[in-house]
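Undergrad: kindly return the folded structure for what I paste below:
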Amino acid sequence: MSRPVSATTARARAVRAALALGLAMPLLTACFEEPSPHEAVRDFLVGWETGEYGEAAKRADGDPATVRKALENARLQLDAASIRFLVKGISSDGDTARADYHAEVDLGENNPLWEYDGALPLHMVDGQWKVRWSPSVIHPDLHDGQRLAVATRPEGRQPILDRNGNPLQEQTILYVAGVYPAKIKDPDRLCDELSRVTGFAQDRLLSRILSSPPQDFVPLATFGRTKFAQIKDKLTAITGISIVPDDPPVAPKSPVQIVGRVSAITPEAEQQLGGPQRAGDSVGRDGLQRAYQDQLTGSTETSVVILDSRTGKQVKELKAWRPVRKAMPVQTTIDSAAQSAGDAAVAAARSSALVAVKGSTGEILAVSTNGLHQEKDALAGKYPAGTTFSIIAAAGLLKGGLDPMQRVPCSADRTVGGARFLQPGIIGLVSPTFRTDFADGCVTALASLARRIDGRSLSATASNFGIGGDWGLPLRTFSGSVPNANSDAAVARVITGQTAQVSPLTMALVAAAVDSGTWRPPVLVTSPASPVSPDAAPRPSSGALPDSPQQGRPQPIPLDATTIVKLRALMRAGVASGAARAADAPGGDVYGVAAQTTQVEKKQRVNLSWFVGWQGDVAVAVLAENADAAAASAIAGAFFRGLPDDR
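TA: Coordinates of the predicted model:
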């Protein structure tokens with residue numbers, strides 16, 4: 001009966017076969033006398049490569065226990081994921097021989113393979129070929145009283161900055177648990193205890209200790225204030241563990257969810273991330289901290305060195321990998337003064353969101369929310385536009401020849417193509433101008449214009465305002481969507497914003513486009529241009545990020561100048577005498593429209609209040625879950641009043 005073959009044995013057999021092929025050519029040209037050094041070379045390298053150190057030691061002339069331990073320590077000291085060998089050639093001269101090999105060592109830190117050439121000196125011992133043992137068998141520059149080590153020098157995490165270069169983080173207290181390897185008598189026991197307390201893999205902790213210079217402080221795990229308080233007693237009870245407090249500037253300021261949080265590497269994250277992050281490092285959990293993880297931390301400088309085993313001092317550097325990229329701060333377009341004004345404006349309005357952009361550039365100045373999420377709702381939320389979509393519809397209608405002073409009846413009830421539209425607060429029939437209908441957001445009047453524009457023209461106009469495009473921001477966004485409208489009823493629903501979906505960011509950019517005369521794509525980060533790895537954020541459980549902002553980034557779209565002049569006049573009327581009056585504020589004319597609409601969430605209708613407009617070069621969109629149609633306009637007015645005079 002055949003016995004099952006272990007994974008290690010199978011691996012060893014495969015390596016023997018590979019090395020046998022490598023030895024085949026020298027063997028064909030050699031004398032076929034027995035014994036031959038080839039088998040000794042093969043067995044020694046196979047045992048070393050597969051971790052069967054005892055088998056390798058049998059092919060050396062040194063004390064088996066000493067050889068076995070030296071080979072095992074070499075792997076641990078390098079924290080090597082794997083070691084592979086290629087025999088370059090074997091030469092014999094009587095009862096001595098030499099085998100030249102090429103080694104490839106995977107250091108497991110996203111560094112290139114460490115490759116070097118070595119040699120196995122052999123001689124005959126009692127009729128058998130043996131490797132003449134010395135530390136130089138492991139590496140030509142390694143001698144008695146010396147050991148290998150891997151030195152890593154990570155850079156400190158860089159900050160995320162506002163548009164004026166001020167950090168968007170504050171200092172916070174972290175606790176780093178680590179060791180000085182030279183002071184540890186029993187690293188196996190220490191790592192076993194630390195693994196049970198923290199959940200980090202025991203072998204990874206041990207490898208990190210054994211591969212580090214003995215005199216260096218080796219961070220093994222980092223904890224926030226709450227987690228540290230929970231396990232402090234267990235940690236401090238582990239002999240040899242040192243706790244070092246740290247105060248990195250990683251606590252996010254507003255906008256917290258845009259900036260993102262930073263946490264220590266967890267056992268689960270360490271397994272998922274791979275790369276240079278290890279226990280004790282920090283990682284962005286969300287927001288820009290996650291999207292720009294690689295830029296904020298840079299790449300770790302790593303070197304393979306030889307140390308004096310007694311003193312721990314470096315004897316020689318064998319190989320160094322300098323940082324492929326240097327850690328750098330992330331410069332955003334956030335204006336801290338505008339952000340403070342936005343936060344104050346939404347403070348009293350539960351379930352509200354405000355997005356402000358610079359009209360002339362599309363730069364995002366502020367993202368403020370109360371009860372909503374700044375990224376998921378303010379940037380990427382999907383909401384019915386209501387009659388704020390009349391901005392886009394009016395652009396198409398005006399370009400098609402509609403006179404703003406044309407009278408368009410506003411009734412309490414209107415049916416268009418079989419679809420019914422209602423306008424609360426209207427008794428009977430009034431016949432204001434389109435300008436007044438626009439300013440007041442009269443649903444029935446807007447719906448009645450469905451035959452003045454077709455679905456294709458509506459979609460094209462929406463596209464000119466960036467709706468449906470791929471903006472290429474490093475965070476999730478929703479640019480909006482407009483359904484195909486192939487009937488009068490469908491067109492009327494789009495014009496009145498019942499079927500068009502937008503995010504607050506979408507509408508802030510629409511306002512900015514009318515303000516400046518050109519639609520511009522949003523900008524949130526000005527340096528660096530894009531994440532090194534677009535999927536550095538998000539990681540599992542949050543879905544995928546869009547492609548790099550450099551890929552397919554939309555270009556500015558100039559809008560029809562004549563149409564824009566008329567549209568600005570309509571939006572000034574919306575604040576001066578229309579439904580958006582609550583948005584008016586000193587410091588210059590405010591332009592905008594207000595809207596009331598509903599959204600169905602979990603089978604319940606939610607009332608939504610909108611304001612979309614601008615003052616000066618600051619365009620804003622406000623969304624509030626509120627039955628009061630003026631709620632969003634009031635928030636916008638508070639925001640404009642809170643802006644500094646020099647904006």
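
Undergrad: got the contact list for the closest residue to S212 other than its chain neighbours?
TA: The shortest distance from S212 to any non-neighbouring residue, by C-beta to C-beta, 6 or more residues apart in numbering, is to V218 (4.6 Å). Quick note: C-beta positions are derived from backbone N, CA and C, even for glycine. Applying C-beta atoms under 8 Å, 6 or more residues apart in numbering to V218 gives the contacts G178, V179, Y180, P181, R208, I209, S212.

Undergrad: partners of V218 in the sheet?
TA: V179 (DSSP bridges).

Undergrad: my guess is L446 meets T387, correct?
TA: Yes: counting by C-beta atoms under 8 Å, L446 sits close enough to T387 to count as a contact (6.4 Å).

Undergrad: overlap in contacts of the two?
TA: Counting by C-beta under 8 Å, 6+ apart, the contacts common to L446 and T387 are T496.

Undergrad: buried sites along stretch 339-356?
TA: Buried positions in stretch 339-356, judged by neighbour count with 16 or more other C-beta atoms under 10 Å: 339-343, 345-346, 349, 351-356.

Undergrad: relative to Q230, which of those residues is nearest.
TA: Looking at the buried residues of stretch 339-356 and their distance to Q230, the nearest is D343, at 31.8 Å (C-beta to C-beta).

Undergrad: list the contacts of V357.
TA: V357 neighbours (C-beta under 8 Å, 6+ apart): E363, I364, L365, L505, A508, L509, A512, P522, V618, A619, V620.

Undergrad: at 7 Å instead, please
TA: Taking C-beta atoms under 7 Å, 6 or more residues apart in numbering as the definition of contact, the neighbours of V357 are E363, I364, L365, A508, L509, A512, P522, A619.

Undergrad: same question, L524
TA: Residues T332, T333, I364, L473, P474, L475 are the ones in contact with L524 under the rule C-beta under 7 Å, 6+ apart.

Undergrad: I'd like those as TSV, with secondary structure, pLDDT and neighbour count appended.
TA: As requested, the contacts of L524 are exported to TSV (DSSP: H, G, I helix; E, B strand; the rest coil; pLDDT from 0 to 100; neighbours: other C-beta atoms under 10 Å):
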residue	secondary structure	pLDDT	neighbour count
T332	strand	98	23
T333	coil	98	19
I364	strand	98	29
L473	coil	94	24
P474	coil	94	22
L475	coil	96	25
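
Undergrad: where does the prediction get shaky in the protein?
TA: Across the chain, the stretches falling below the confidence threshold (pLDDT under 70) are 1-34, 109-111, 264-281, 530, 532-552, 646-647.

Undergrad: domains of it?
TA: In the domain annotation for the chain, the residue ranges read 7-143, 160-331, 336-531+567-642 (automatic domain parsing).

Undergrad: tell me the SS of T152?
TA: Following DSSP: H, G, I helix; E, B strand; the rest coil, we place T152 in the strand state.

Undergrad: about what we covered before: ok, of the contacts of V218, which one's closest to R225?
TA: G178 (17.8 Å).

Undergrad: which ones are touching the closest one?
TA: With contacts taken as C-beta under 7 Å, 6+ apart, G178 has the following neighbours: F217, V218, P219, L220, S242, V244, G280.

Undergrad: what's the closest non-adjacent residue to the first one?
TA: The shortest distance from F217 to any non-neighbouring residue, by C-beta to C-beta, 6+ apart, is to G178 (5.4 Å).

Undergrad: go on, the fifth one?
TA: Residue nearest to S242 in three dimensions, not counting chain neighbours: G178, with 5.7 Å by C-beta to C-beta, 6+ apart.

Undergrad: returning to that earlier point: how close does the residue nearest to S212 sit to S207?
TA: 11 Å (C-beta to C-beta, to the nearest Å).

Undergrad: again, but for E115
TA: According to C-beta to C-beta, E115 and S207 sit 21 Å apart.

Undergrad: what's the answer for L120, then?
TA: Using C-beta to C-beta, one obtains 26 Å as the distance from L120 to S207.

Undergrad: how about S82?
TA: From S82 over to S207 the distance is 13 Å, taken as C-beta to C-beta.

Undergrad: neighbour count: the two, which is higher?
TA: Under the criterion of other C-beta atoms under 10 Å, the comparison of S82 against S207 puts S207 first, with 22 against 14.

Undergrad: am I right that that one is in contact with L76?
TA: Yes: contact criterion C-beta atoms under 7 Å: S207 and L76 qualify, at 6.0 Å.

Undergrad: what number of residues lie near the closest residue to P644 other than its chain neighbours?
TA: Closest residue in space to P644, ignoring its immediate chain neighbours: A337 at 5.1 Å, by C-beta to C-beta, 6+ apart. By the other C-beta under 10 Å criterion, the neighbourhood of A337 contains 17 residues.

Undergrad: confirm A337 sits in a helix?
TA: Yes: in this structure, A337 lies within a helix as judged by three-state DSSP.

Undergrad: just to revisit the earlier point, farthest pair in the contacts of V218?
TA: Across those, the longest distance by C-beta to C-beta is 12.9 Å; it joins Y180 and R208.

Undergrad: between the two, which one's more packed in?
TA: Here Y180 and R208 are compared on neighbour count by other C-beta under 10 Å; more neighbours surround R208, at 23 against 17.

Undergrad: how close does the more buried one sit to I138?
TA: Applying C-beta to C-beta, one obtains 20 Å for the distance of R208 from I138.

Undergrad: what's the answer for V355, then?
TA: The span separating V355 from I138 equals 61 Å under the rule C-beta to C-beta.

Undergrad: what's the answer for L190, then?
TA: For L190, the distance to I138 equals 26 Å [C-beta to C-beta].

Undergrad: related to what we said a few turns ago, now, which of the contacts of V218 sits nearest I635?
TA: For I635, the nearest member of the contacts of V218 is G178. The distance, counting by C-beta to C-beta, is 48.5 Å.

Undergrad: relative to V612, how far out is that closest one?
TA: Here the distance between G178 and V612 works out to 53 Å (C-beta to C-beta).

Undergrad: please apply the same query to K253.
TA: The gap separating K253 from V612 is 27 Å, by C-beta to C-beta.

Undergrad: these two: which has the busier surroundings?
TA: V612 (37 against 18).

Undergrad: break down the stretch 101-250 of the chain into its helices, ranges please.
TA: For the stretch 101-250 of the chain, applying DSSP state H, counting those that start in this stretch gives helices covering 187-198, 202-210, 225-236.

Undergrad: ok and the second one relative to helix 187-198, angle-wise?
TA: It stands for helix 202-210. Orientation of helix 202-210 against helix 187-198 (axes from the mean of the first three to the mean of the last three C-alpha atoms, to 10 degrees) gives an angle of 130 degrees.
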